[in-house]
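> Sequence unavailable; structure follows:
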C-alpha cells in the first residue's frame, strides 16, 4: 500500500486542440508508492494527460506540482531528471540492434554498451525481467521487448513510472510476471500511473482510480470495491449491455477453408507459415490466439490477398480456390478483411473518411461510375456506417487522423460489416479500444456470424476469444494447433501454448461443431 505523501499533483490541467478540449480542468494526485489507474473511454483525455505529465505536451492552463513544489516539465528529458519515466503502448526499439544497444540509445547520458549490458543484466535479474543483453531485438518475443522498455525506464531509478496499456500484447503468463514486478516496485517506493482498458486487471492491481469522461474527471474510486461493469459504466456514463452470444448452430457449410498453407516470409524478420490448416463454417466464429510475431500478420496477408499463396487451392472461399486472387477479387467473392493497424494499413491518416471508405468499397459497391467517384453515394454510405456504429467525429467527413482510436476502429469495422460479408477476417478487432466500443464491436461480430457469415478473429486478447468464439486455435512460431471447442478450452493451457511452452495434441475437435 502507498503512504499518504503526495508525489505528483495536477491542478485544473487543461489542454485544447483547436475547438476540442482534450483535458478540461483535470485534477489528479498520485501518492508515493501506490498504483493509480487512469480510466476512460477512447478520447476521454487519458493520453493527453500523461503526455503533459511526461513533458510531451504543454498544458494551456493549470499547474503541475512535484513533491508539493510547482514545476514546468518542458520535455521528457526534464521529466526523467525529476524522476518520472514512461513506458508507452508502442515500443520504440530498433530490431537489428541488441538489447543493450537499444537501452543505451534511450538513456540521457552516453554510456559504453559493454557497461550497459552488465547493468541491464543486473536490473533484469533484480526485478524478474529476464533479458539477454546481447541478443538482437528481432529475435525476441513481444513480452521480452516490453521488458526492454521497462528495464530502460527502471535504470533511470524513477519515483513515478507511467505505463500505457502494458498488457495489451502479453500472454496471461507474461502479464502475471509483469504484475509481480510492478508490486515489487511499489514495495520499493515507486509510484505507478497505470492506463488500461482491461478492467479486471485494474481491479486486482490498482489501489485508486481516476476516471475521465470527455476530458473531465467524473469519479475517483477504489477499483477493488467495484466490478468491471460498474467501472465501465462510470467511464461511459451509461450502463453497458452484456454480450448476447448464443451457441453457433450445428452443420453450417464451410465458407472459409485453408489447407496446408505454407508461406515463406517476405522480409528477413518475418515468420514462416508451416502447413496451416483450418476452416470456418457459416454461423460460427473461430479465434486464432497468439502473441504478436508468431505469424499472425503473415496469415492475415495470405488470407486477404496482400500476399498470394503458392497454390490457389490452399485458400477457398465458399468452395472456390482463391489463394492466387487479388484483394478486390476476393472481396467480390463476398469476403472482407480488417487489418490490425488502423493508421497506415486500414486507413490513410490524412485522407478524409469518405476517401478511406473508397479503399474497401470501390470493388463491391456502386460508388464509382464510368471511372468517376460518385461523391453523393460515398457520403451517403459514410453516414450509414457512422450512424450504425456510433462513430463520433468532428464534422461529417473529417480526416481519419482526427478521430480517437476507438471511433476510428468502429469506422474501420463498420465499413465492412454494414454490407454483411459472407466471410470476415479481422485482426485484433478491439486492440486499444475502450469498454463501450469493445462491446459494440464484439456484439457486431457475433451478430454477423449468427446471421450466417463465417468470422475469423485473430487476437492477442485471450479473454476476448474465450468470450466470443465457438472454436479456438493457437498460432505459435508459424504453426497452427488444431482448433478446439472454446467451451472445452483451458485458459491456462492456451496461455502456455501462446508462449510456446506447451502444445496440444494435433488431433482436432471438429466433431465439437456437430
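The structure has been received and is ready for your questions. On a predicted model such as this, the values are computed, not experimentally measured, just so you know. Numbering: from 1, shown residues only.

> contacting residues around the residue nearest to residue 361 when sequence neighbours are not counted?
The shortest distance from residue 361 to any non-neighbouring residue, by CB to CB, 6 or more residues apart in numbering, is to residue 367 (5.4 Å). No exception for glycine: its C-beta is placed from N, CA and C like everyone else's. Listed by CB atoms under 8 Å, 6 or more residues apart in numbering, the contact set of residue 367 reads 357-358, 361, 373-374, 377-378, 381.

> Now stretch 285-297: average pLDDT?
When pLDDT is averaged over stretch 285-297, the result is 90.

> Provide a list of residues in contact with residue 231.
Neighbour list for residue 231: 39, 199, 202-203, 209, 211, 221, 223, 435 [criterion: CB under 8 Å, 6+ apart].

> and those as JSON lines, adding secondary structure and distance to residue 316?
Output for the contacts of residue 231, formatted as JSON lines (DSSP: H, G, I helix; E, B strand; the rest coil; distance: CB to CB, whole Å):
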{"residue": "39", "secondary structure": "strand", "distance to residue 316": "44"}
{"residue": "199", "secondary structure": "helix", "distance to residue 316": "40"}
{"residue": "202", "secondary structure": "helix", "distance to residue 316": "43"}
{"residue": "203", "secondary structure": "helix", "distance to residue 316": "44"}
{"residue": "209", "secondary structure": "strand", "distance to residue 316": "48"}
{"residue": "211", "secondary structure": "strand", "distance to residue 316": "48"}
{"residue": "221", "secondary structure": "strand", "distance to residue 316": "51"}
{"residue": "223", "secondary structure": "helix", "distance to residue 316": "47"}
{"residue": "435", "secondary structure": "helix", "distance to residue 316": "37"}
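
> among these, who's most crowded?
Greatest neighbour count in the contacts of residue 231, by other CB atoms under 10 Å, goes to residue 39: 28 neighbours.

> Give me the nearest residue to that residue, chain neighbours excluded.
residue 211 is the one closest to residue 39 (CB to CB, 6+ apart), at 4.8 Å.

> phi, psi of residue 442?
Here is the backbone geometry of residue 442 (degrees, to the nearest 10): phi -60, psi -40.

> do you know how far it is from residue 300?
Distance of residue 442 to residue 300, computed by CB to CB, to the nearest Å: 19 Å.

> Could you state which residue of the chain sits nearest its centroid?
For the chain, residue 431 is the residue whose C-alpha lies nearest the centre (CA atoms, centre = their mean; 2.6 Å).

> isn't there a strand covering it?
No. Counting by DSSP: H, G, I helix; E, B strand; the rest coil, residue 431 is not found in a strand; it is coil.

> ok, and the closest non-adjacent residue to it?
residue 168 (6.3 Å).

> Check whether that neighbour really touches residue 462, as I assumed.
No. In this structure, residue 168 is not within contact of residue 462 by CB atoms under 8 Å, at 11.9 Å.

> Can you pull the poorly scored residue ranges out of the stretch 201-350 of the chain?
For the stretch 201-350 of the chain, the stretches with pLDDT under 70 are 250.

> Let me fix that, I meant to ask about the chain.
Applying pLDDT under 70 to the chain flags the ranges 1-3, 109-114, 250, 502-514.

> Angles on the backbone of the residue located most distally from the centre of it, please.
Residue farthest from the centre of the chain, counting by CA atoms, centre = their mean, is residue 370 at 39.9 Å. Backbone torsions for residue 370, taken as degrees, to the nearest 10, come to phi 50, psi 40.

> residues contacting the residue nearest to the centre of the chain?
168, 340, 409, 459-461.

> and the gap between the nearest residue to residue 119 once chain neighbours are set aside and residue 36?
Counting by CB to CB, 6+ apart, residue 119 lies nearest to residue 155, which is 6.2 Å off, once chain neighbours are set aside. Plainly put, residue 155 is 23 Å away from residue 36 if you go by CB to CB.
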